[in-house]
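# just to be clear, the model below is a prediction. Sequence and coordinates:
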Amino acid sequence: MKFRSSLYSVLLAAFCILPSSAAASSYGTATYSPKQTQDVLQNPYMGLAPDSQTGNLEQPHTLVYANLTWRMLEPTKGEYAFDEVEDAIRFQEWTEKDFKFILRIVMDIPHNKSDMEIPDWLYNEIGGDNDNFEDGEWYRNDYGKGYSPNYSNPLIITYHKQLIDALGERYKDDPRIAFIQLGSVGHWGEWHTDTSIPFPATEITDQYVQPYLDNFPDSMLLMRRPHPVAKEYKLGLFNDMFGNKDDTDSYLSWIQKGYVSWLTKEKMPAMPDFWKYAPSGGEFSPSDSLTSYFTRSSINQVISQAKASHISWLGPNTPAQFEKDGKQQQYLNRFLNTMGYRFTITKETHAKTVEPGESLAVTMDWQNLGVAPFYFPWILELSLMDEDGDIVTKTKTDEDIRKWLPGKKTVKQSLDIPDDLPEGTYTLCVAILDPHTEEPGIQFAMEGKRADGRYTLGKVQVRN
């Protein structure tokens, strides 16, 4: 009798909870898989970065590049010609179209004829007007002709700090500046020289790095090769011989294994994971024609270099001037779809039904099809669109998209449903917002893009 009573109690309890469980399961889960695209995406902080003074650019890009010589920036001691320099590099013109700049400060550019990239007043102060002493060298070598100052000269170090301080006062936290390459030292600002003046050791060259660190703590700084200071401060790196297999293999070896400087005989560290927190940049090697990199026989090698170096952008020597839809286009498109980041959603799930005042849990299977992450703390937004196409509610999530390395990433977030939202059918939307504009700023490799830059996902019923 006791057993029969217990069994009856269990069955009664099961019967009582059955309706609510059945109701919950009837709502179920909505699953949505966007259709993927192979379109070339014109996204920020990645891709081609042609010289800002170049015209007739038919290929898509969001970056432009500018070398700024000390001679341009400070023609008169203590007086900086930023307005004139910005006119020369078409700064206003490009930034009004939402293009961002990559800058490099240089003191020495080899030319076909002898020229000098430091200002006359500095040249005179280091002995250029003295027949018996001059702390620099007019050179003629395989690179070309020019003037190389002695980078160990304390006057140059002091004035260089003042120059970068002025640059920081002008451009610190300026969203129009994407990246700054630590040029300053060596031919083309590439941290090497071919003159009779010994190249300075790291205790000297670090004094050229420190002003950049002091003035641009939140900017993305890049160095030409691994150095102890680059490793310590997690700087990016750039390869100005990209495309040339032998030179790029050497560059990759420096990154993976470290190296001994052929200039100073100092041991330099490996930086195999630098690309996870700061960008990999550079430009195509001028040793071959640009068209030679984009052929049926060469494109796989170029893409292999992009993957191995996790390249995000290349400039100023780029194929941005290639004819649109020309014979190289198919190979260039493959390359552009490889470099940098390339986000898409393969699957998104949420409850089919949600009540006003509740929170809608959303699970998204993202995939980064590129070779690098996105390096800025932009905002992942979820929103809800009504049947008229209006966004009726939205939320900024706490997702850190900088951690989306190449590969798959499952993201779980939620969207609060307003208490007064009318019943009906709504569409979930997703976007990544530019914090400077509060608007969607990144394109995804999938269909469903709205006119405002948001992407539509699955539908959800809002009802009491």
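Ah, there it is.

# can you name the residues bridging to the closest residue in space to G453 that isn't next to it in sequence?
Nearest non-adjacent residue to G453, counting by C-beta to C-beta, 6 or more residues apart in numbering: P440, 3.0 Å away. Yep, even glycine has a C-beta here, placed from its N, CA and C like the rest. With DSSP bridges as the criterion, P440 is bridged to L433.

# does P440 touch K449 like I think?
No. Judged on C-beta atoms under 8 Å, P440 makes no contact with K449 at a distance of 9.0 Å.

# which of those two has more neighbours?
Using other C-beta atoms under 10 Å as the criterion, P440 and K449 rank with P440 on top: 23 against 16.

# now do that one against L290, distance only.
Per C-beta to C-beta, to the nearest Å, P440 is found 33 Å from L290.

# run a quick neighbour tally on P217.
12.

# measure it to N56 for me?
Distance of P217 to N56, given as C-beta to C-beta: 38 Å.

# could you give the bridge partners of the nearest residue to K409 once chain neighbours are set aside?
Leaving aside its chain neighbours, K409 sits nearest to W366 (4.6 Å; criterion: C-beta to C-beta, 6+ apart). Counting by DSSP bridges, W366 is bridged to I345, K409.

# quick check, W366 in contact with F343.
Yes. Counting by C-beta under 8 Å, W366 touches F343, with 6.3 Å between them.

# would you map the strands across the stretch 1-150 of the chain?
Here the stretch 1-150 of the chain has its strands, by DSSP state E, counting those that start in this stretch, at 29-32, 47-48, 63-69, 100-106, 136-141, 144-149.

# doesn't F101 make contact with F91?
Yes. In this structure F91 lies within contact range of F101 using C-beta under 8 Å: 7.0 Å.

# so for E387, what's the pLDDT?
We have a pLDDT of 96 for E387.

# one more: C429?
We have a pLDDT of 98 for C429.

# run through the residues that contact it.
C429 is in contact with 382-385, 391, 394, 450, 454-457, counting by C-beta atoms under 8 Å, 6 or more residues apart in numbering.

# OK, contacts around the residue nearest to K409?
Counted by C-beta under 8 Å, 6+ apart, W366 has contacts 343-346, 404, 408-411.

# what's the closest of those residues to L235?
When these are compared for distance to L235 (C-beta to C-beta), W404 wins out at 21.0 Å.

# is it true that that closest one touches P373?
Yes. W404 is within contact range of P373, at 5.6 Å (criterion: C-beta under 8 Å).

# which residues do those two both contact?
Joint contacts of W404 and P373 (C-beta under 8 Å, 6+ apart) are Y341.

# tally of neighbours for W254?
Residues lying near W254 (other C-beta under 10 Å) number 18.

# cool, L235 as well?
23.

# can you check V106 too?
Neighbours of V106 under the rule other C-beta under 10 Å: 22.

# give me the beta-bridge partners of it?
Beta-bridge pairing for V106 (DSSP bridges): T69.

# look up how far F322 lies from it.
V106 sits 27 Å away from F322, going by C-beta to C-beta.

# how about Y171?
31 Å.

# next up, the contacts around P418.
356-357, 392-393.

# how about those residues, which pair is most distant?
Largest separation among these by C-beta to C-beta: G357 and V392, giving 14.2 Å.

# who has more neighbours out of these two?
Taking neighbours as other C-beta under 10 Å, G357 and V392 compare with V392 leading, 16 against 12.

# which element is the more buried one on?
Using DSSP states H and E, V392 sits within strand 391-396.

# dump that strand to PDB, keeping only the CA atoms.
Only the C-alpha atoms of strand 391-396 are listed here, as PDB (Å, rounded to 0.1, in the frame of the first residue of the first chain):
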ATOM      1  CA  ILE A 391      15.800  49.000 -35.600                       C
ATOM      2  CA  VAL A 392      13.600  48.900 -32.400                       C
ATOM      3  CA  THR A 393      16.200  48.000 -29.800                       C
ATOM      4  CA  LYS A 394      20.000  47.400 -29.700                       C
ATOM      5  CA  THR A 395      22.700  46.700 -27.200                       C
ATOM      6  CA  LYS A 396      26.500  47.000 -27.200                       C
END
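
# what comes up buried for it?
Neighbour-count burial for strand 391-396, counted by 16 or more other C-beta atoms under 10 Å, picks out 391-395.

# ditto for stretch 276-288
Buried positions in stretch 276-288, judged by neighbour count with 16+ other C-beta under 10 Å: 278-285.

# now swap in stretch 372-382 and tell me
Those buried within stretch 372-382 under the rule 16+ other C-beta under 10 Å are 372-376, 378-382.

# equivalent analysis for stretch 398-411, please.
Buried residues in stretch 398-411, counting neighbours by 16+ other C-beta under 10 Å, are found at 399, 401, 404-406, 409, 411.

# what's the farthest-apart pair in these?
Using C-beta to C-beta, the two most remote members of those are E399 and P406, lying 17.2 Å apart.

# can you give me the helices for this structure?
Assigned by DSSP state H, the helices in the chain fall at 2-27, 70-73, 82-88, 91-96, 120-123, 154-171, 202-215, 228-232, 245-257, 299-309, 329-336.

# now the nearest residue to E169 once chain neighbours are set aside: how far from V209?
Closest residue to E169 apart from its sequence neighbours, by C-beta to C-beta, 6+ apart: N215 at 7.7 Å. Separation of N215 from V209 (C-beta to C-beta): 11 Å.

# appreciated, that's everything.
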